[in-house]
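Trainee: how would this look folded up:
(chains A and B)
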Amino acid sequence: MSIPSESAPSSSTELLPRPSRLGRFWRAARGTVIPTATFLALIALWETGVRVFDIPSFLLPGPSAVIAAGTGLPLAQWLAHTVATLEIVLGGYALSILVSVPLGILIASSRPVAEALYPLLVVTQSLPVVAVAPVIIVILGAGELPRLVITFLIAFFPIVISTVTGLRATPPELVELSRSLRAGAARELWQIRLPWAVPYLFAALKVSITLAVIGAVVAEFVAAEQGLGYLIKFSTSYFKVPLAFAGLAVLAALSLLLFQMVVWVEKTVFPWSVPRQDDR
Amino acid sequence: MTPTAVTFDGVAHAFAARGGEGVLALSGITLDVARGEFLAVVGPSGCGKSTLLRMVAGLLRPSRGTVSIYGRPVDEPRDEIGFVFQKPTLLPWHDVLGNVLFPLRHKYGRATAADRDRARALIAMAGLQGFENRLPEELSGGMQQRVAIARALLPEPEILLMDEPFSALDALTREEMGFELLRLWQQRPHTVIFVTHNIGEAVLLADRVVVMSPRPGRVRTIVDVELPRPRRLESLSDPRFHEHTQRIRALVLDRAAAPA
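Mentor: All right, here's what the predicted structure looks like:
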């Protein structure tokens, strides 16, 4: 198998042909270059299509019209709308986590509780929140609370489910280890089951942050005087469609940013829970 | 006569099955394990070997009969016990050192500097020096199982229970780990109950081999292994090694072939 020879390569990487400088640059950059190019091409196609077919901007504004409308609104107003939406998103998200994780723990630790609560949870999810939103506004008034509740109702469910799944996925051997040490239920939960549920939890947290954005926008559609959802609804009802598109773009950017933040938190605080990308 | 570490007295165990009828897993187990003895338990799957271990660990109560440690019936998990499972089941968020220290942290909420030193010594003894700060996912299966063994040894258990600890390893690693275990056992003598379905492994490691019959599990025979210690690679070519493995294999196969 091994041939003792002085010219034998000292590491396996030397066996591979060394890529050219351009080749290495391409390998490093293709992950960003290809999607960016696709995106820019789509924008160009959109602009060209709108101009060639002379589509009125209240039906489909071209990217240039959207940018013009976006820059037409003062930055202070953009900030005010964005901050208003962000408050509802983050508030509703925090509420979802604060309720769902303990609820998941409760459901995972007791069969009667699980049997009592699961059907109820499924019912709340089978009700379309968009339809429930106006009712909630009527009940809770027009303040921040109903918007937080609507956001919560959309975002909390995946967190409950994945907390339960993660807690139950703990290997039975680890539970036996804990029992054989007589460590107690609190330590078993805190030092074994909860950390074990972290990867499951983050899978749901990533889904839920985007759901929270949806929830906040739905709430703003129904009752708000501020926020990106309100801006979009207001703009469309006055046929200011380019401004609505600008609002959509900001909303999409916000949603992406929040998602990336959740990814970053997982990578930074729980690096072991992120599957390694190299060598597998 | 050496004092007895573990006693099984007429132990039977039934699992609740669907439909209300219990399934008898173990029946009429009466057995003494001497202090400092290395006892292997072999038998086909479904003979209740693992159940036996879990009773000693206090994780399961026998339906009938009693299991005692040093003459005291086991009614809850006891400090004298260390348990090594079939899979390493390390905590992926702790490094090697953290995993070895975990039982102490888990039980008492803290680990002292002295505990850390002991853990490092154990890790070195298990041949993992330099890997203290690696995460489990960076280790091979054999290395992970060494960590699991070090973890079980850290609280200095007098009785070590091992549930097919090497069955997930490849044949070469498995043999190597067997000798490693013997080396550890000679350095720190304690009672070992070692469950396996590998007959050669049982003969190589143990003072006595308990041969079980399946469904319900009963003690079929106990074979005294008269191989000199310390056992080495050469023990594998000792004619007595072959005699014992042949005899045990015949006993296991005979029962497995007979109609249930």
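Trainee: C-alpha only now, for contacts and for neighbours.
Mentor: Will do.
Trainee: Near chain A, which residues of chain B are found?
Mentor: Residues of chain B found near chain A (Cα under 8 Å from any Cα of the partner chain) are B:57-59, B:77-79, B:83, B:85, B:89, B:91-93, B:103, B:106-108.
Trainee: For the stretch 151-280 of chain A, give me the ranges with low pLDDT.
Mentor: A:276-280 (pLDDT under 70).
Trainee: What separation do you get for B:I123 and chain A?
Mentor: Distance, B:I123 to chain A, by Cα to the nearest Cα, to the nearest Å: 19 Å.
Trainee: can you pull out the strands in the chain?
Mentor: Reading this off chain A. In chain A, no segments count as strands under DSSP state E.
Trainee: let's do chain B instead
Mentor: Counting by DSSP E, chain B has strands at residues B:4-16, B:22-34, B:38-42, B:64-69, B:72-73, B:81-84, B:159-163, B:191-196, B:208-213, B:218-224.
Trainee: and those as TSV, adding mean neighbour count?
Mentor: Output for these, formatted as TSV (neighbours: other Cα atoms under 10 Å in any protein chain shown):
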stretch	mean neighbour count
strand B:4-16	19
strand B:22-34	18
strand B:38-42	25
strand B:64-69	20
strand B:72-73	14
strand B:81-84	24
strand B:159-163	24
strand B:191-196	24
strand B:208-213	24
strand B:218-224	17
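Trainee: So which of those strands is nearest A:F245?
Mentor: strand B:81-84 (61.2 Å; Cα to Cα).
Trainee: neighbouring strands for the closest one, and are they parallel or not?
Mentor: Partners of strand B:81-84 in the sheet, by DSSP bridges, are strand B:159-163 (parallel).
Trainee: pull the CA atoms of the strand it pairs with into PDB?
Mentor: Output of strand B:159-163 as PDB, limited to C-alpha atoms (Å, rounded to 0.1, in the frame of the first residue of the first chain):
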ATOM      1  CA  ILE B 159     -19.200  -2.200  40.100                       C
ATOM      2  CA  LEU B 160     -19.000  -1.400  36.400                       C
ATOM      3  CA  LEU B 161     -21.900  -2.500  34.300                       C
ATOM      4  CA  MET B 162     -21.200  -2.700  30.600                       C
ATOM      5  CA  ASP B 163     -24.000  -3.300  28.100                       C
END
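Trainee: Now do it against strand B:64-69, angle only.
Mentor: 120 degrees (axes from the mean of the first three to the mean of the last three Cα atoms, to 10 degrees).
Trainee: Report the central residue of chain B.
Mentor: Taking Cα atoms, centre = their mean, the centroid of chain B lies closest to B:M162, which sits 1.7 Å from it.
Trainee: Test my guess that that one contacts B:F83.
Mentor: Yes. At 5.9 Å, B:M162 and B:F83 qualify as touching, with contact defined as Cα atoms under 8 Å.
Trainee: Could you export the strands of chain B as TSV, including mean pLDDT and distance to A:Y238?
Mentor: TSV is the format used below for the strands of chain B (pLDDT from 0 to 100; distance: least, Cα to Cα, whole Å):
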stretch	mean pLDDT	distance to A:Y238
strand B:4-16	89	69
strand B:22-34	87	73
strand B:38-42	94	82
strand B:64-69	92	81
strand B:72-73	90	82
strand B:81-84	92	71
strand B:159-163	94	73
strand B:191-196	94	77
strand B:208-213	92	84
strand B:218-224	89	84
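Trainee: Mind putting these into TSV with distance to A:T163?
Mentor: TSV is the format used below for the strands of chain B (distance: least, Cα to Cα, whole Å):
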stretch	distance to A:T163
strand B:4-16	29
strand B:22-34	33
strand B:38-42	39
strand B:64-69	38
strand B:72-73	39
strand B:81-84	28
strand B:159-163	30
strand B:191-196	35
strand B:208-213	42
strand B:218-224	42
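Trainee: Out of the ones you listed, which gets nearest to A:V265?
Mentor: Among these, strand B:81-84 sits nearest to A:V265 (Cα to Cα), with 34.6 Å.
Trainee: got the contact list for the closest one?
Mentor: Contacts to strand B:81-84, defined as Cα atoms under 8 Å, 6 or more residues apart in numbering or on different chains, come from residues A:177, B:57, B:148-149, B:152-153, B:155-163, B:165.
Trainee: Check stretch B:216-234 too.
Mentor: B:24-30, B:46-49, B:179, B:182, B:203-213, B:235, B:240-241, B:244, B:248.
Trainee: swap the cut-off to 6 Å and go again
Mentor: Stretch B:216-234 has contacts (Cα atoms under 6 Å, 6 or more residues apart in numbering or on different chains) with B:24-27, B:47-48, B:207-213.
Trainee: ditto for stretch B:86-95
Mentor: Applying Cα under 6 Å, 6+ apart, the contact partners of stretch B:86-95 are A:272, B:133-136, B:144-145, B:148, B:163-165.
Trainee: Which PyMOL command selects the buried ones in those?
Mentor: Buried residues among the contacts of stretch B:86-95 (16 or more other Cα atoms under 10 Å in any protein chain shown), as a PyMOL selection:
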select buried, (chain A and resi 272) or (chain B and resi 135+136+144+145+148+163+164+165)
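Trainee: Among the contacts of stretch B:86-95, name the ones in helices.
Mentor: Among the contacts of stretch B:86-95, the members found in helices (DSSP state H) are B:144-145, B:148.
Trainee: Surely A:S162 touches A:Y200?
Mentor: Yes. A:S162 is in contact with A:Y200 according to Cα atoms under 6 Å; the separation is 5.5 Å.
Trainee: Let me see the ranges of the helices in the stretch 151-260 of chain B.
Mentor: Assigned by DSSP state H, counting those that start in this stretch, the stretch 151-260 of chain B shows helices spanning B:171-187, B:199-205, B:239-257.
Trainee: so what secondary structure elements neighbour the last one?
Mentor: Going back to what we said before, that points to helix B:239-257. Applying 3 or more Cα pairs under 6 Å, 6 or more residues apart in numbering or on different chains; DSSP states H and E, we find helix B:239-257 packed against no helix or strand.
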